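Quick one, what's the 3D model for this:
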Amino acid sequence: MANASSGGITGEKIWLDGELVPWDEARVHVLTHTLHYGLGVFEGIRCYATEDGRSAVFRLPEHIRRLFDSAHINLLDIPFSQAEIRNAVIECLRANGLKAGYIRPLVFVGDGAMGLNPADNPVRVAVIAYPWGKYLGEDGVENGIRAKVSTFARNHVNAKMTKGKTCGDYVNSILAKREALMDGYDEAIMLDTQGLVSEASGENLFVVRNGMLRTPPLPTVLDGITRASVIEIARDKGVPVEEASVTRDELYISDEVFLTGTAAEVTPIREIDRRTIGEGGRGPVTEKLQAAFFDIVSGRERKYESWLTHL
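You can find the predicted model right below:
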């Protein structure tokens with residue numbers, strides 16, 4: 001393996017602007033526009049080892065479509081087709097010998113003009129793949145995590161434009177996450193500017209009350225691909241789902257609360273703001289949906305085979 005100084009993340013190859021380059025040679029100039037102003041977009045994608053000995057990327061076309069949607073929202077013209085980026089993801093996984101891992105496509109503005117107008121600076125694309133376990137820990141997936149309601153509000157929908165995964169928007173998430181960690185919690189839950197529950201720092205949120213599953217509606221949250229998958233799985237399993245507003249105190253009196261996301265997958269919350277949620281662990285609805293999700297990504301559930309792109 002290459003010896004890269006990237007916080008323990010390392011590999012053999014990175015796909016950069018149309019070709020695989022050695023890991024340590026995937027460099028950019030210090031005047032890269034996105035580094036200064038945050039105008040760029042990205043995706044987080046997972047590849048899983050399936051029970052038949054193969055590997056499969058979860059909902060790859062949907063992720064790449066969202067990458068292009070994010071770029072369109074931000075007036076970035078990606079110099080590759082969706083098919084080329086999908087192929088780059090597969091190519092990058094194979095080049096790094098990964099049976100399972102996390103994939104980060106990144107679209108960014110290169111160096112050239114400075115100032116708020118990127119002018120004719122090149123739009124560049126990287127795809128990075130590397131091993132990554134449970135984002136919120138194995139124990140968190142099994143027993144639940146502790147969360148706090150952040151003092152930082154989620155950006156207003158007309159400021160952030162919530163349908164895009166824009167690099168600079170995540171400063172908001174970083175501030176909330178760091179605050180939660182410094183206060184002894186695992187994750188932050190963010191309210192929108194009207195005081196309603198929005199999402200966590202990097203995940204969508206679901207609550208369970210009297211057998212009903214509820215999640216905040218799309219206007220103030222990212223249209224999460226894992227979120228959409230869990231909604232479909234729940235309905236297929238007879239669990240009623242509604243997309244409706246959630247108040248802060250409704251979190252406290254919920255029977256269950258859990259998070260969804262590419263990194264977090266399906267992770268229960270056992271405590272919020274020092275209030276125990278339900279029985280203080282992973283609840284039965286969460287466990288059912290979590291088990292179904294992991295059956296799907298491991299290839300054990302044929303009904304959802306179309307969600308998997310095999311290497």
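
for stretch 37-46, which positions count as buried?
37, 39-46 (16 or more other C-beta atoms under 10 Å). (Glycine included, C-beta is placed from N, CA and C.)

Closest to residue 171 out of these?
Of all those, residue 37 has the smallest distance to residue 171: 11.5 Å, by C-beta to C-beta.

just checking, the closest one touches residue 116?
Yes - Residue 37 lies in contact with residue 116 (C-beta atoms under 8 Å); the separation is 6.7 Å.

all helices of the stretch 151-300 of the chain, in order?
157-160, 170-182, 225-236, 248-252, 284-297 (DSSP state H, counting those that start in this stretch).

closest to residue 75 out of the ones you listed?
Of all those, helix 157-160 sits nearest to residue 75, with 15.5 Å by C-beta to C-beta.

quick one: average confidence on the closest one?
The average pLDDT for helix 157-160 rounds to 82.

cool, and stretch 292-303?
Averaging pLDDT along stretch 292-303 yields 95.

Contacts made by that stretch with the rest, please.
Contacts with stretch 292-303, where a contact means C-beta atoms under 8 Å, 6 or more residues apart in numbering, come from 46, 48-52, 54, 56, 58, 226, 229-230, 233, 236-237, 265-266, 304-305, 307-308.

Kindly export it (C-alpha atoms) in PDB.
Extracted in PDB, the C-alpha atoms of stretch 292-303 (Å, rounded to 0.1, in the frame of the first residue of the first chain):
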ATOM      1  CA  ALA A 292     -33.600  -6.000   6.200                       C
ATOM      2  CA  PHE A 293     -31.200  -3.300   5.000                       C
ATOM      3  CA  PHE A 294     -28.100  -5.500   5.700                       C
ATOM      4  CA  ASP A 295     -29.800  -8.500   4.000                       C
ATOM      5  CA  ILE A 296     -30.300  -6.300   0.900                       C
ATOM      6  CA  VAL A 297     -26.700  -5.000   0.700                       C
ATOM      7  CA  SER A 298     -25.300  -8.400   1.200                       C
ATOM      8  CA  GLY A 299     -27.300  -9.800  -1.600                       C
ATOM      9  CA  ARG A 300     -29.600 -12.100   0.500                       C
ATOM     10  CA  GLU A 301     -32.800 -10.400  -0.500                       C
ATOM     11  CA  ARG A 302     -33.500 -10.900  -4.300                       C
ATOM     12  CA  LYS A 303     -36.400  -8.500  -4.400                       C
END
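
Next, the buried residues of that stretch.
Buried residues in stretch 292-303, defined by neighbour count with 16+ other C-beta under 10 Å: 292-293, 296-299, 301.

got any ranges where this structure has weak pLDDT?
Along the chain, the parts satisfying pLDDT under 70 run over 1-7.

Please tell me how far the nearest residue to residue 48 once chain neighbours are set aside sits from residue 193.
Leaving aside its chain neighbours, residue 48 sits nearest to residue 297 (4.4 Å; criterion: C-beta to C-beta, 6 or more residues apart in numbering). Separation of residue 297 from residue 193 (C-beta to C-beta, to the nearest Å): 35 Å.

go on, residue 107?
Noted for residue 107: a distance of 28 Å to residue 193, by C-beta to C-beta.

Could you do residue 104 as well?
Distance of residue 104 to residue 193, given as C-beta to C-beta: 29 Å.

more crowded one of the two?
Neighbour count, other C-beta atoms under 10 Å: between residue 104 and residue 193, residue 104 has more, with 18 against 13.

now what about stretch 219-234, what contacts it?
Residues outside stretch 219-234 that contact it (C-beta under 8 Å, 6+ apart) are 59, 62-63, 66, 154, 157, 162-163, 165, 192, 196, 198-199, 203-204, 206, 213, 215, 240-241, 243, 260-262, 264-266, 289, 292-293, 296, 304, 307.
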